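A.B. asks: Provide a 3D model corresponding to the input given below.
(one chain, ligands or ions: 1)
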Amino acid sequence: MDLIPSSNASYKDVNYWNERYSKEESYDWFKSYESFKHLIKDCVSSSDRILMLGCGNSSLSEHMYEDGFQNIVNIDYSEVVINKMKEKYSNLKGMSWEVMDMRSMSFLEASFDVIIEKGTLDAMLVENSPWHISDENLALIDEILTQVSRILKDNGKFISVTFTQPHFRIPMFINEKYRWDVEQKTFGEFVQYFFYICVKGRPLSQSLLKKYNKAAS
Ligand SMILES: C[S@@+](CC[C@H](N)C(=O)[O-])C[C@H]1O[C@@H](n2cnc3c(N)ncnc32)[C@H](O)[C@@H]1O
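C.D. replies: Residues are numbered from 1 along each chain as shown. So this is what the prediction gives:
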């Protein structure tokens, strides 16, 4: 199998990921921790309980751990990658790895201070042009964000690291039922990447609603 699939729809298929991870040892989508650690340090504290969504074989959790963030739960629906990561990092106390689908997470409500995704939502959306996301994909993202909001503590933060520009991504995050407000930051020297922070329990900013011309759903 080629690591680059013939169709972007494969990025939504667990069989694609399982096969890929049986061959690939380590890969970081977009950028590694070094490029955006200043943004993480601004909003995450070392005592926070952190959930990494769709961790893959990225070095992000390892590098955050080395930097003092040592309470990290990593999930991915690929059993192959979770088994490999569990073995590779078995010496890191406080770091755990679980096979779990983001669409139906079994964590109790309000169990995390911080939830991070890097490239995971993008993988679900790249089969469509960003201008025409299908209703099916919008429903999928809503299903995931509803779960994320449920398991996030009050004042907790959902962080999304992505190449997707605000015009496309922020409208997906704007919904009063998630009970969060959205902040946006950027990083990267030549190519710009986005770092969105959804802060739970903060009222949705009216200027954001106005800017994206959206009534809160
Ligand atoms: C583009 S990769 C990003 C990997 C990693 N976060 C990084 O920054 O390099 C997307 C990851 O999400 C995982 N994934 C996709 N859909 C998922 C789902 N429904 N539940 C859990 N993990 C999922 C894939 O197995 C893959 O590891």
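
A.B. asks: The protein against the ligand: which residues are in contact?
C.D. replies: The chain comes close to the ligand at residues 17, 28-29, 54-56, 58, 60, 75-78, 81, 101-103, 118-120, 123, as judged by CB under 6 Å from any ligand atom. Quick note: C-beta positions are derived from backbone N, CA and C, even for glycine.

A.B. asks: Which of those residues are buried, as a PyMOL select command?
C.D. replies: Remark: buried members of these, expressed as a PyMOL selection using 16 or more other CB atoms under 10 Å:
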select buried, resi 17+28+29+54+55+56+58+60+75+76+77+78+81+102+118+119+120+123
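
A.B. asks: ok, now which ones touch residue 41?
C.D. replies: Residues near residue 41 by CB atoms under 8 Å, 6 or more residues apart in numbering: residue 67.

A.B. asks: I'd like to know which elements the host helix or strand of residue 97 is packed against.
C.D. replies: If you go by DSSP states H and E, residue 97 is part of strand 95-99. Applying 3 or more CB pairs under 8 Å, 6 or more residues apart in numbering; DSSP states H and E, one finds that strand 95-99 makes contact with strand 72-76, helix 79-88.

A.B. asks: and the shortest one, what's its mean pLDDT?
C.D. replies: Per-region confidence: strand 72-76 scores 98 on mean pLDDT.

A.B. asks: Give the pairing partners of that strand; include direction for each.
C.D. replies: Partners of strand 72-76 in the sheet, by DSSP bridges, are strand 50-53 (parallel), strand 95-99 (parallel).

A.B. asks: List of residues touching it?
C.D. replies: Under the contact criterion CB under 8 Å, 6+ apart, strand 72-76 has outside partners 17, 49-56, 61, 64-65, 82, 85, 94-100, 102, 105, 112.

A.B. asks: out of those, which are buried?
C.D. replies: Neighbour counting by 16+ other CB under 10 Å classes 17, 49-56, 61, 64-65, 82, 85, 95, 97, 100, 102, 105, 112 among these as buried.

A.B. asks: in this structure, which residue is closest to the centre?
C.D. replies: Centroid-nearest residue in the chain, with CA atoms, centre = their mean: residue 117, separated by 1.2 Å.

A.B. asks: so which helix or strand takes in that one?
C.D. replies: Using DSSP H and E, residue 117 maps to strand 112-118.

A.B. asks: who touches the helix or strand that comes right after that strand?
C.D. replies: The helix or strand immediately downstream of strand 112-118 is helix 120-125, counting by DSSP H and E. Outside helix 120-125, the residues that touch it by CB under 8 Å, 6+ apart are 11-12, 29, 53-54, 102, 133, 137, 140-141, 144, 160, 162-164.
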